[in-house]
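Engineer: Coordinates for the following, if possible.
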Amino acid sequence: MATRAGVVGDDRTGVGVETLRRAIQDNLFYRCGNVPVLATRSDYYLAVAYTVRDRLMQRWLSTARSLLANPTRVVCYLSAEYLLGPSLGNALLNLGIRDQVAEAVASLGQDLDELIEEEREPGLGNGGLGRLAACFMDSLSTLQIPAVGYGLRYEFGIFEQRIQDGWQVERTDKWLHQGNPWEVVRPEYTYPVAFGGHTESYEDEHGRYRVRWRPDTVVKGVAYATPVPGYKVNNMNMLRLWAAEAAETFDFGSFNVGDYYGAVERKVASETLTKVLYPNDEPAQGKELRLRQQYFLVSCSLQDLLRLHQLRGGRPDNLHEGFAIQLNDTHPALAIPELMRLLLDEHAAMSWEDAWRIASETFAYTNHTLLPEALETWPLAMFGRLLPRHLEIIYEINARFMDEVCDRFPDDHGRQQRMSLIDDHGAGAVRMANLATVGSFSVNGVSALHTDLLKTRVMRDFHEFYPGKFNNKTNGVTPRRFVALANPELAELITAHIGEAWITDLNQLRRLEGLAEDPFFQTQWRAVKTARKRVAAERAHRLMKFEMDLDSMFDVQVKRIHEYKRQHLAVLHIVHLYRQLKENPDFVTASRTFIFGGKAAPGYTMAKLIIKLINSVGEVVNSDPETRDKLKVGFIPNYNVKTAQFVYPCADLSEQISTAGKEASGTGNMKFSMNGALTIGTLDGANVEIRDAVGAENFFLFGLTTDEIESLRQTGYRPYEYYEQNPSLKGALDLIASGHFSHGDTALFQPLIDSLIHHDHYFVLADFQSYIDCQNEVSDAWADQVHWTKMSIINAARMGEFSSDRTIRDYSRDIWRVEPNPVQLADVD
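Structural biologist: Sure, this is the predicted structure:
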């Protein structure tokens with residue numbers, strides 16, 4: 001119900017200022033148990049969050065009612081990670097009530113921006129995979145496509161990163177410390193999840209072979225539901241996250257004999273299951289916990305899905321007609337044998353053939369990696385000990401599949417070994433990518449290049465076996481969070497010139513091209529960029545005591561720290577510029593503020609050394625009077641979605657410099673371009689399509705191509721020769737090795753230097769000179785601000801194809817075969 005400011009509306013749904021003010025006061029008192037004179041900023045944040053959530057509930061429940069009443073097919077998105085970002089600002093944007101809430105909050109003596117800043121975001125993902133899942137959930141709701149997302153409610157998310165003496169230090173991410181006002185616990189939706197034990201075969205009353213699983217451990221999965229609002233629509237899909245609890249809270253047998261610790265041991269062990277996001281999976285214990293988490297996710301989700309299907313009038317044998325299940329990478333691939341188990345052993349006692357037909361018509365699989373080491377495998381011994389029934393099912397799937405492969409390729413034993421779901425080398429392992437491919441009706445890559453490399457290299461055997469199964473769905477990002485919310489000045493400028501339809505139809509941005517050379521519009525465009533740089537600079541000064549020159553080029557690389565993403569290549573460029581400025585007083589280059597951010601996996605020693613190198617180079621460069629007016633280097637600690645919303649709008653140059661053929665897609669590249677940053681990058685991932693879209697003349701391209709890298713690898717890559725033959729490269733590496741950036745410690749960065757000179761798996765040295773030459777072109781272009789601004793406007797104007805709305809439309813049409821289902825608001829009984 002829309003009401004005018006000052007007019008009192010329904011306490012739960014009204015959006016008038018007076019209604020909102022009263023609702024905030026009520027929630028402060030009744031939900032938070034506090035009064036204004038004692039309330040903290042956190043209390044007020046919670047009161048506002050509960051008030052906004054109340055305005056979501058009618059839409060949420062109306063959507064649920066529509067879902068049950070309408071026979072339309074529903075998307076089920078299975079993902080082990082979701083990086084949702086803060087919810088309050090996003091909900092205000094999508095509901096269209098930010099101004100009213102800001103006024104109501106101000107009347108209570110509070111500032112809305114400060115309250116939004118108070119929110120702890122749920123760090124339920126490691127990086128791009130989880131953020132992509134969140135963008136997809138946003139687009140599914142906005143496009144009014146019925147969907148439910150399933151994931152895990154990790155008590156502690158991805159670690160909080162602190163920088164101490166230049167090193168990454170991990171701290172526990174206590175995102176639930178102040179509670180989570182956006183979730184609703186559903187203890188009535190609790191499912192048993194079993195582990196271990198053994199299986200028994202028997203004949204049922206019809207004389208059919210059956211299997212009974214006798215587990216030795218059972219835990220409970222408890223549902224926590226979070227609403228996902230669409231932009232100015234009534235549809236509100238649900239994200240359901242599972243938390244583990246003990247099947248029995250207390251072991252009274254142990255307690256009664258005086259063993260208190262034994263009484264709670266099972267409870268503690270069970271709840272450890274969802275205690276922390278993805279531990280470092282190098283130790284066997286961490287790897288086992290990760291396998292347990294993945295099975296817990298799919299078992300809870302499929303049991304819940306079968307319940308929903310039954311509520312909608314469905315039967316197990318037509319599950320594929322009611323739901324399309326998308327596997328977000330291999331982490332939820334255990335859903336395939338789990339659904340088979342449920343259909344064979346629990347719900348329907350089906351024949352194998354019927355169960356397999358349903359499963360293989362229900363699942364679709366998205367591959368997200370080209371790195372062989374990232375294609376998940378599980379040791380057979382561990383898998384069989386934890387999930388004995390599922391290993392039996394996988395063996396049966398594999399036996400039937402290998403019969404087909406042998407029929408088609410009877411003499412190709414190498415192909416048969418590569419395609420098997422079981423790797424029989426050494427102690428043996430289950431290959432999850434192979435399982436996901438065999439058990440799904442669709443397999444998609446996430447950029448044109450990635451999909452081509454899947455077909456021709458990584459999964460060539462499977463593409464030749466299933467030529468119609470593979471397809472491309474280039475990733476996208478939501479313009480709501482990453483432009484409209486993160487860059488309000490830019491959103492206001494765009495809307496003033498072309499209207500607000502671009503927020504849900506990003507191709508409308510094409511209309512900005514006609515303004516790309518307009519002097520007045522260029523002035524406005526630059527003013528917006530300066531405003532966002534000022535906001536970022538103020539934040540950097542407050543959090544890091546880092547000074548940023550607003551007139552300098554903000555040169556930004558923010559992403560997970562990994563050698564293939566090549567943050568160390570960017571550092572070599574900085575060291576090269578530093579040497580030039582020190583050795584040649586007449587050297588001319590653009591003033592730059594280099595901004596890095598990202599987390600290294602706790603066990604990834606080389607990535608953590610790269611973080612130390614960035615900070616060590618920054619320490620020297622920033623304090624040297626001969627360079628500090630031209631170069632600044634800063635590392636943003638604990639980079640997350642909240643921080644990203646400040647970083648993307650302020651960037652002038654986006655560094656997308658991964659080794660060609662290693663990045664599946666990348667989505668940061670899209671977010672930067674939408675905000676008018678120009679890209680320097682290789683022909684890797686979605687960079688290829690971005691360059692095609694914005695025009696080669698508006699993209700700074702460097703580096704070897706995928707084919708050139710493969711050719712160099714085949715003929716023998718000798719990085720030491722590049723080091724010896726390139727004085728600039730040798731000078732930069734030698735300066736680092738000399739201890740110049742490490743207080744004279746020549747050993748500190750030697751492992752990184754040795755790795756580059758003697759191995760260089762990611763071709764940093766081979767691409768160095770091309771990168772330096774391209775960066776010189778960037779500096780020359782920066783000197784002409786009129787032309788730079790034109791390129792910036794064109795980059796943003798041509799980003800329509802990189803909205804997650806387009807991606808979801810493609811999935812809906814080509815894979816899921818689902819249609820929008822607009823929801824009418826209904827009174828909730």
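
Engineer: tell me the mean pLDDT over the one helix or strand residue 239 maps to?
Structural biologist: Per DSSP states H and E: residue 239 is located in strand 236-246. Mean pLDDT, taken over the full extent of strand 236-246, equals 96.

Engineer: Can you list the strands that that strand pairs with?
Structural biologist: strand 147-152 (parallel), strand 217-229 (antiparallel) (DSSP bridges).

Engineer: Tell me, how many residues neighbour residue 205?
Structural biologist: Residue 205: 7 surrounding residues under other Cβ atoms under 10 Å. Glycine gets a C-beta too; all of them are placed from N, C-alpha and C.

Engineer: Apologies, that question was intended for residue 539.
Structural biologist: 18.

Engineer: Just list the residues touching it, thanks.
Structural biologist: Neighbouring residues of residue 539 by Cβ atoms under 8 Å, 6 or more residues apart in numbering: residue 646.

Engineer: quick one on the thing from earlier: keeping just the C-alphas, turn the strand holding residue 239 into PDB.
Structural biologist: Presented in PDB, the C-alpha positions along strand 236-246 are these (Å, rounded to 0.1, in the frame of the first residue of the first chain):
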ATOM      1  CA  MET A 236      10.200 -12.600  -4.300                       C
ATOM      2  CA  ASN A 237      12.000 -15.900  -4.600                       C
ATOM      3  CA  MET A 238      13.500 -17.700  -1.600                       C
ATOM      4  CA  LEU A 239      17.100 -18.700  -0.700                       C
ATOM      5  CA  ARG A 240      17.000 -21.600   1.700                       C
ATOM      6  CA  LEU A 241      20.200 -22.200   3.600                       C
ATOM      7  CA  TRP A 242      20.800 -25.400   5.700                       C
ATOM      8  CA  ALA A 243      22.400 -25.500   9.200                       C
ATOM      9  CA  ALA A 244      23.400 -28.800  10.800                       C
ATOM     10  CA  GLU A 245      22.200 -29.900  14.200                       C
ATOM     11  CA  ALA A 246      22.500 -33.100  16.100                       C
END
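
Engineer: How far off centre is it?
Structural biologist: Distance, stretch centre to chain centre, for strand 236-246: 18 Å (Cα atoms, centre = their mean, to the nearest Å).

Engineer: ok, back up a step: would you tell me which one of the strands paired with strand 236-246 is buried the most?
Structural biologist: Mean neighbour count (mean count of other Cβ atoms under 10 Å) peaks for strand 147-152 among those, with a mean of 27.

Engineer: so which of the strands paired with strand 236-246 gets nearest residue 286?
Structural biologist: Nearest to residue 286, of all the strands paired with strand 236-246, is strand 147-152, at 15.5 Å by Cβ to Cβ.

Engineer: Touching that closest one from outside, list them.
Structural biologist: Contacts for strand 147-152 (Cβ under 8 Å, 6+ apart): 74-82, 124, 133, 137, 140-141, 228, 237-243, 274, 277, 293, 296-297, 300-301, 304-305, 308.

Engineer: Stretch 699-714 now?
Structural biologist: 449, 453, 657, 659-661, 678-684, 690-691, 763, 766-767, 770-771, 773-774, 777-778, 781.

Engineer: Go ahead and measure how far whichever helix or strand residue 523 is part of is from the middle of the chain.
Structural biologist: Under the criterion of DSSP H and E, residue 523 resides in helix 519-544. Chain-centre distance of helix 519-544: 26 Å, with Cα atoms, centre = their mean.

Engineer: can you pull the buried residues of that helix?
Structural biologist: Neighbour-count burial for helix 519-544 flags 521-522, 524-526, 528-529, 531-533, 536-537, 539-540 (criterion: 16 or more other Cβ atoms under 10 Å).

Engineer: Then stretch 83-92?
Structural biologist: Those would be 83-92, for stretch 83-92 by 16+ other Cβ under 10 Å.

Engineer: Check those and tell me the two furthest apart.
Structural biologist: Longest span within the buried residues of stretch 83-92, Cβ to Cβ: 83 and 92, 19.6 Å.

Engineer: quick one on the thing from earlier: export the strands paired with strand 236-246 to JSON lines and tack on distance to residue 182 and mean pLDDT?
Structural biologist: Output for these, formatted as JSON lines (distance: least, Cβ to Cβ, whole Å; pLDDT from 0 to 100):
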{"stretch": "strand 147-152", "distance to residue 182": "14", "mean pLDDT": "98"}
{"stretch": "strand 217-229", "distance to residue 182": "5", "mean pLDDT": "97"}
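
Engineer: hmm, back to that, return the subset of the contacts of stretch 699-714 lying in strands.
Structural biologist: 678-681 (DSSP state E).

Engineer: Which of these are buried? Put it as a ChimeraX command.
Structural biologist: ChimeraX command restricting the ones in strands among the contacts of stretch 699-714 to the buried ones, with burial defined by 16+ other Cβ under 10 Å:
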select :678,679,680,681
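
Engineer: Now the two most distant members of the ones in strands among the contacts of stretch 699-714.
Structural biologist: Longest span within these, Cβ to Cβ: 678 and 681, 9.9 Å.

Engineer: which neighbours do the two share?
Structural biologist: 654, 699-700.

Engineer: so where do the strands sit in the stretch 301-450 of the chain?
Structural biologist: 323-328, 363-366, 377-379, 422-423, 429-431, 442-445 (DSSP state E, counting those that start in this stretch).

Engineer: of all those strands, which lies closest to residue 821?
Structural biologist: strand 323-328 (13.8 Å).

Engineer: Not counting that closest one itself, show me its contacts.
Structural biologist: 73-81, 129, 132-133, 305, 309, 333, 335, 362-366, 368, 436, 440, 811, 815-818.

Engineer: what do you get for stretch 53-61?
Structural biologist: 11-13, 15, 23, 91, 95, 97, 181-182, 227, 229, 234-236, 238, 823, 825-826, 828.

Engineer: how about 6 Å then?
Structural biologist: In this structure, residues lying in contact with stretch 53-61 by Cβ atoms under 6 Å, 6 or more residues apart in numbering are 12-13, 95, 227, 229, 234, 236, 825, 828.

Engineer: what do you get for stretch 387-404?
Structural biologist: 198-199, 213, 337, 340-341, 383-384, 421-422, 438.

Engineer: which ones among those residues are found in helices?
Structural biologist: Of these, the ones assigned to helices by DSSP state H are 337, 340-341, 383-384, 438.

Engineer: Run through the helices of the stretch 501-650 of the chain in chain order.
Structural biologist: Here the stretch 501-650 of the chain has its helices, by DSSP state H, counting those that start in this stretch, at 519-544, 567-583, 605-623, 641-650.

Engineer: by how many degrees do the shortest one and helix 519-544 diverge?
Structural biologist: Here the directions of helix 641-650 and helix 519-544 differ by 140 degrees (axes from the mean of the first three to the mean of the last three Cα atoms, to 10 degrees).

Engineer: Just list what helix 641-650 packs against, helices and strands only.
Structural biologist: Applying 3 or more Cβ pairs under 6 Å, 6 or more residues apart in numbering; DSSP states H and E, one finds that helix 641-650 contacts helix 519-544.
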